[in-house]
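Colleague: Predicted model and sequence follow; I will ask about them next.
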Amino acid sequence: MGTSITVSQNSEAANECLDAINSRFSGSGIVASIEHHSNAKKFAFIRITTPPQHWLALAKWLYFDLDVNYCSMITGTHFPDGPDERGWEVAYHLLRQPISNQLPNTNTVYVAEKLDGKLIPMEFEVLIPLENNDSPTVPSVQQIWGGADWNEKETWDLVGIKFEGHENMHRVLNPHDSPEEFHPLQKQHKIRYHDHNEMYDDAQGFGRKPADEGRVK
Amino acid sequence: MAQMWITMGPQHPMTHGLWTLRVKVDGETVVDTEAELGYIHRGVEKICESRDFTQVTPYCDRLCYVSAMTWANSYIYAAEDLLEAEVPERAEYIRLIAAELQRLASHLMWLGAFGPDIGNLTLMTWCMRDREMFLDLLQELGGSRMHYNYPRIGGVKRDIPIGFADRMIAKVKLFEKRIEEYEMMLDESTIWLVRLQGVGYANAEEMVAAGVSGPNVRAAGVNYDVRWAHPYSVYDEIDWEPAVEKPTSVKGADCYDRYRVRMEEMRQSCRMVLDAIEKIPGGKNTNYANGDEMIFKKAPTRAPEGATGFSNYECTRGASQFYILGGGEGRGKNPYRVSIRSPMFITIPFVAKTMIGYKVADIPAIMGSFDPCIGETDR
């Protein structure tokens, strides 16, 4: 029989994490809550919303005190029509994984049901809403989680979020000679079939030009 | 002799896709590396923003052409989180079987490509022969050999055909014996040992810090696996245990450990599908019509504004993740933003750095042992 983390372990760990965050950061503008996925096993995760100026302190604390050792994903989103205080949003997905170095010829075989405390894997979602302006900026966490390095490069390359303090920032997916300030996932760039009706009216695409013609090489 | 930069790629025998590795060498020794990606960046994330939730699935298939089923599943779980869909249990079993068959096919493709990297061309022909069996099985499910477009939000496209179970059991049991043949050929082969042992060390903590996941971390001696840590599907109901290796050095896993852990994973996948096909609700030799509620439950097609969906999925190369924002602009039937986390995008820059200190001739062995796939890396 396969053994998995159970719902009760998950909710116990989520409550512990939430209490720890609230006791450390309450009143600072950092808001944390327990949310539940509605897929698979409906597990809980911690959603933290923080203003950008507190992000670095929060990240260090998560890393050193909550053992959040894995930065798996960074997502930048552009909301051109959004409210002024949320024109951009950066979402970090962090994981706590019970992984440590091994001595030669040994390994660690965790039995999920016997895990407790900080060994229980936990998922964190950190949301940083940014003001609606031309240069969205958050502090870089490259020095805390090495895994954030290329994620941040990608987020800058595709979305145009600037990561303050990131060393060696460069294009990773777009060509290196892309025009400056060209970040294709910003919403002002439309792909050819952005509007469905257009697609069905002229399925072959004759007689029309890409919406971003003249702005992209 | 002075140090110099050599550019390997974008086309060279070692690549598993188009990418460039710039290597700074001092004689035969690698002293610095730089990975350059993006050669086949197709803008999948942007395209997905103008497709509805069902139309996104085929694009996710095409993220990795060696492991299409797991990527489509990964997207589907995120979409189900967003749209709050319910999935019948039979569909979950079918997805599990499909994903594990895909894992077998993908690991065989890895082994088949890894053999010629090391100097063992026989391996490629053997692996292609066996991969064929699993592609045939997946073809029975999805109707095509590479991009299946099989899972749906709320279930699967169609049920397993009559006789699929028997054919699958026969093939998987045959393949279990073939794994032993592979091991007889490789485990103590001189070429294999000389090229792989003591090469490309990476320990567990530095891999986790750098964002590496999946079999590469399990090779370093920790049985961490998304399938039990953040369980989805029905992995908790079937008989399996995560593959894990015992590295022989304090420096962590070498290329040989990474080869061993994938062989063990193939065993576990065989064990899983054999167990799952017996436990499948509704019986293994029944075929429900398309859209029957045993295999498909209709899900909402529009996501409310502000809703998000996230999935963490054990893909064949590590943890693949999707983060989807729904709605916005009055366009509730399209995702507002689809973000894809590819395990290899994070792993390749890390691997490039692990090569430092080894010889130029070790580069294919080190790179190949991490199982790179550029389709998912560049998206």
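Modeller: Ah, there it is.
Colleague: Check the secondary structure at the closest residue to B:Lys171 other than its chain neighbours for me.
Modeller: Excluding the flanking residues, the one nearest B:Lys171 by CB to CB, 6 or more residues apart in numbering or on different chains is B:Met133, at 4.5 Å. All C-beta atoms are positioned from the backbone trio N, CA, C, and that covers glycine. Assigned with DSSP: H, G, I helix; E, B strand; the rest coil, B:Met133 falls in the helix class.
Colleague: What about B:Met133, how many residues nearby?
Modeller: Neighbourhood size, B:Met133 [other CB atoms under 10 Å in any protein chain shown]: 21.
Colleague: Can you give me every residue that contacts the nearest residue to B:Glu293 once chain neighbours are set aside?
Modeller: Leaving aside its sequence neighbours, B:Glu293 sits nearest to B:Pro88 (CB to CB, 6+ apart; 6.4 Å). Contact analysis of B:Pro88 by CB atoms under 8 Å, 6 or more residues apart in numbering or on different chains lists B:Gly155, B:Glu293, B:Met294, B:Ile295, B:Phe296, B:Lys297.
Colleague: And B:Val212, by the same measure?
Modeller: A:Gly147, B:Ala202, B:Gly318, B:Pro343, B:Ile346, B:Thr347, B:Phe350, B:Phe370.
Colleague: Repeat that for B:Gly17.
Modeller: B:Tyr39, B:Ile40, B:Pro372, B:Cys373, B:Ile374, B:Gly375, B:Thr377, B:Asp378.
Colleague: Which secondary structure state does it sit in?
Modeller: Applying three-state DSSP: B:Gly17 is coil.
Colleague: And it, how far from chain A?
Modeller: Distance check for B:Gly17 against chain A: by CB to the nearest CB, to the nearest Å, it reads 14 Å.
Colleague: center of chain A, which residue is that?
Modeller: A:Tyr92 (2.3 Å; CA atoms, centre = their mean).
Colleague: give me the element it is part of.
Modeller: Taking DSSP states H and E as the criterion, A:Tyr92 maps to strand A:88-96.
Colleague: ok, back up a step: now, the contacts of B:Gly17 that are in helices?
Modeller: If you go by DSSP state H, the contacts of B:Gly17 have B:Ile374, B:Gly375, B:Thr377, B:Asp378 in helices.
Colleague: Which members of the residues you listed additionally contact chain A?
Modeller: B:Asp378 (CB under 8 Å from any CB of the partner chain).
Colleague: Just the buried residues out of the ones in helices among the contacts of B:Gly17, in PyMOL syntax.
Modeller: Per 16 or more other CB atoms under 10 Å in any protein chain shown, the buried members of the ones in helices among the contacts of B:Gly17 correspond to this PyMOL selection:
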select buried, chain B and resi 374+375+377+378
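Colleague: Relative to B:His107, which of the ones in helices among the contacts of B:Gly17 is nearest.
Modeller: B:Gly375 (16.2 Å; CB to CB).
Colleague: Pretty sure that closest one sits against B:Leu63.
Modeller: Yes. The pair B:Gly375 / B:Leu63 is scored as a contact, 5.9 Å apart, by CB atoms under 8 Å.
Colleague: now chain A, which segments are flagged as low pLDDT?
Modeller: Scanning chain A for pLDDT under 70 picks out the ranges A:1-2, A:192-217.
Colleague: try it again with 80
Modeller: Applying pLDDT under 80 to chain A flags residues A:1-2, A:27, A:39-41, A:81-85, A:112-113, A:115-117, A:190-217.
Colleague: Look through it and tell me its longest helix.
Modeller: Longest helix in chain A, counting by DSSP H: helix A:7-25.
Colleague: Report all helices and strands that the very next helix or strand once past that one contacts.
Modeller: Next helix or strand after helix A:7-25 toward the C-terminus (DSSP H and E): strand A:31-36. With contacts defined as 3 or more CB pairs under 8 Å, 6 or more residues apart in numbering or on different chains; DSSP states H and E, the packing partners of strand A:31-36 are helix A:7-25, strand A:44-49.
Colleague: right, so the ones you listed: which one is the most enclosed?
Modeller: strand A:44-49 (a mean of 20; mean count of other CB atoms under 10 Å in any protein chain shown).
Colleague: Which residue is the nearest non-sequential neighbour of B:Phe114?
Modeller: Spatial nearest neighbour of B:Phe114, excluding adjacent residues (CB to CB, 6+ apart): B:Gly368 at 4.5 Å.
Colleague: what's in contact with the host helix or strand of that neighbour?
Modeller: Assigned by DSSP H and E, B:Gly368 belongs to helix B:363-369. Helix B:363-369 is contacted by residues B:8, B:13-14, B:16, B:21, B:23, B:30, B:113-114, B:117-118, B:195-196, B:199-200, B:255, B:258-259, B:351, B:354-355, B:358 when judged by CB under 8 Å, 6+ apart.
Colleague: What residues does the residue in chain A that chain B sits nearest to make contact with?
Modeller: Per CB to the nearest CB, A:Gly147 is where chain A lies closest to chain B, at 2.5 Å. By CB under 8 Å, 6+ apart, the contact set of A:Gly147 is A:Tyr70, A:Cys71, A:Ser72, B:Val208, B:Ala209, B:Ala210, B:Gly211, B:Val212, B:Ile346.
Colleague: roughly how far apart are the nearest residue to the first one once chain neighbours are set aside and A:Phe124?
Modeller: Right, the one you point to is A:Tyr70. Closest residue to A:Tyr70 apart from its sequence neighbours, by CB to CB, 6+ apart: A:Leu95 at 4.2 Å. According to CB to CB, to the nearest Å, A:Leu95 and A:Phe124 sit 7 Å apart.
Colleague: Ok, B:Leu63 next?
Modeller: 25 Å.
Colleague: do A:Ser140 as well
Modeller: Using CB to CB, one gets 18 Å for the distance from A:Ser140 to A:Phe124.
Colleague: Would you mind listing what in the stretch 101-250 of chain B touches chain A?
Modeller: B:203-206, B:208-213, B:217, B:220-224, B:227-233, B:235-241, B:244-250.
Colleague: hmm, try it at 6 Å
Modeller: With CB under 6 Å from any CB of the partner chain as the criterion, the stretch 101-250 of chain B meets chain A at residues B:203-205, B:208-211, B:221-224, B:228-229, B:231-232, B:235-236, B:238, B:240, B:244, B:246, B:248-250.
Colleague: Write out the residues of chain A neighbouring chain B.
Modeller: Residues of chain A lying near chain B (CB under 6 Å from any CB): A:2, A:4-5, A:37-41, A:69-70, A:72-73, A:75, A:77, A:97, A:99, A:101-102, A:104-105, A:107-110, A:112, A:121, A:146-147, A:150, A:172-173, A:184-185, A:191, A:193-194.
Colleague: I'd like to know which of those are buried.
Modeller: Buried among the residues of chain A next to chain B (16+ other CB under 10 Å): A:2, A:4-5, A:37, A:39-41, A:69-70, A:72-73, A:75, A:77, A:97, A:99, A:101-102, A:107-108, A:110, A:112, A:121, A:146-147, A:150, A:172-173, A:184-185, A:193-194.
Colleague: Give me the subset of the residues you listed that lies in helices.
Modeller: Checking those against DSSP H, those in helices are A:Trp150.
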